[in-house]
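**Q** here are the coordinates; sequence isn't available:
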Ligand SMILES: NC(=O)c1ccc[n+]([C@@H]2O[C@H](COP(=O)([O-])OP(=O)(O)OC[C@H]3O[C@@H](n4cnc5c(N)ncnc54)[C@H](O)[C@@H]3O)[C@@H](O)[C@H]2O)c1
């Protein structure tokens, strides 16, 4: 079976390519490298010892995408490509709406034309906004607080409308919680340029002394130690969830949405302390004011994915902290 992976050079996409190849799938990657590097393809080959086809193209380019579909005879698509920085989306909303929506609509049109109607889509827990109850189940109310989140919610709505119009589609929408960690080889992982938005890349940059100290936003939340609690998931577990989702869309028609997290919440201080303990490094931090829009706690119920996809996260917070640091140390 041949799977097209859009955004396959990126953080989650590259780990998913490894799992696909290890599970015997043929993989075709389309990525415009707007947030990744081409050498990731060589690294995926090195990890798996398998061939992988790469096209450096923008998936908003309908003619090119059409050519790729004509040539490759794609059976199913995993759609990662898109911009993902919340703060940047607030500053540049049109850029986010243009890229995330245009790329998806173009992709769906080309898939329709080639009668390829199986897709797994990367959504995000951000579509839950400020959750009213925990753990968050897939039927919780949806509400977004920034343009990035709105693009995810809009794409979910587009996919729902598409399925209503044509029941031949098989669609899995995956709402990720907070992916961290890296492949154990240390060859692929996450290493954002500049000042990171998320906790783990920030901790890593402080541990490697690229940044002086970490700011912890608020220690007076109603949580175990006052700092914000999130559901972190190892990127390799997340990648494995995509294999289960591909199996599901290959088997059953319909549209369904699944949370992919661990179901456990960890506070910022728990993550910092675990990171220090596992990696035997210092991570200086200071407590600062709460950040606008942050919530106290957010973690998933992953029962639906367990029941319907036969998937659950296996790797723990120690492995997440170890592998995040290992990747950056190896790639300095
Ligand atoms: N990392 C997270 O914390 C997180 C959480 C929830 C959801 N997601 C979603 O998962 C997906 C993958 O996230 P990631 O962390 O791997 O991001 P990433 O930026 O590392 O990967 C995205 C890839 O898509 C490519 N891309 C972007 N626009 C493109 C276009 N028009 N044509 C072709 N390629 C394009 C980029 O070059 C990049 O390689 C994204 O859709 C993201 O919104 C990520």
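**A** Arrived safely. Model, not experiment: these values are computed from the prediction.
**Q** what does the stretch 101-250 of the chain have sitting close to the ligand?
**A** Where the stretch 101-250 of the chain comes near the ligand, counting by Cβ under 6 Å from any ligand atom, the residues are 103, 122, 124, 176, 179. (Each C-beta comes from the backbone N, C-alpha and C, glycine too.)
**Q** and the last one, what helix or strand is that in?
**A** Secondary structure here is read from DSSP states H and E; on that basis residue 179 sits in strand 178-180.
**Q** Sheet-wise, list the partners of that strand with their directions.
**A** Using DSSP bridges, the strands paired with strand 178-180 are strand 232-234 (parallel).
**Q** any idea how far the very next helix or strand once past the partner strand is from the chain center?
**A** Where DSSP H and E defines the elements, the next helix or strand beyond strand 232-234 is helix 235-251. Offset of helix 235-251 from its chain centre (Cα atoms, centre = their mean, to the nearest Å): 13 Å.
**Q** got the buried residues for helix 235-251?
**A** Neighbour-count burial for helix 235-251, counted by 16 or more other Cβ atoms under 10 Å, picks out 235-249.
**Q** what helix or strand is residue 94 on?
**A** For residue 94, the host element (DSSP H and E) is helix 93-113.
**Q** ok, and for that helix, which residues are buried?
**A** So for helix 93-113, counting by 16+ other Cβ under 10 Å, buried means 96-97, 99-101, 103-104, 106-108, 110-111.
**Q** buried subset of the residues of the stretch 101-250 of the chain next to the ligand?
**A** By neighbour count, with 16+ other Cβ under 10 Å, those hold 103, 122, 124, 176, 179 as buried.
**Q** what residues are up against the third one?
**A** It refers to residue 124. The contact partners of residue 124, by Cβ atoms under 8 Å, 6 or more residues apart in numbering, come to 148-149, 152, 175-176.
**Q** now swap in the last one and tell me
**A** If a contact means Cβ under 8 Å, 6+ apart, then residue 179 has 11-12, 232-235, 238 as its contacts.
**Q** any chance you could map the strands in this structure?
**A** Counting by DSSP state E, the chain has strands at residues 2-6, 26-31, 53-56, 76-79, 118-124, 170-176, 178-180, 214-217, 229-230, 232-234, 254-260, 266-267, 285-288, 297-298.
**Q** Just put those in JSON lines and tack on mean pLDDT.
**A** Shown next, in JSON lines, are the strands of the chain (pLDDT from 0 to 100):
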{"stretch": "strand 2-6", "mean pLDDT": "98"}
{"stretch": "strand 26-31", "mean pLDDT": "98"}
{"stretch": "strand 53-56", "mean pLDDT": "98"}
{"stretch": "strand 76-79", "mean pLDDT": "99"}
{"stretch": "strand 118-124", "mean pLDDT": "98"}
{"stretch": "strand 170-176", "mean pLDDT": "98"}
{"stretch": "strand 178-180", "mean pLDDT": "97"}
{"stretch": "strand 214-217", "mean pLDDT": "96"}
{"stretch": "strand 229-230", "mean pLDDT": "97"}
{"stretch": "strand 232-234", "mean pLDDT": "98"}
{"stretch": "strand 254-260", "mean pLDDT": "98"}
{"stretch": "strand 266-267", "mean pLDDT": "98"}
{"stretch": "strand 285-288", "mean pLDDT": "97"}
{"stretch": "strand 297-298", "mean pLDDT": "94"}
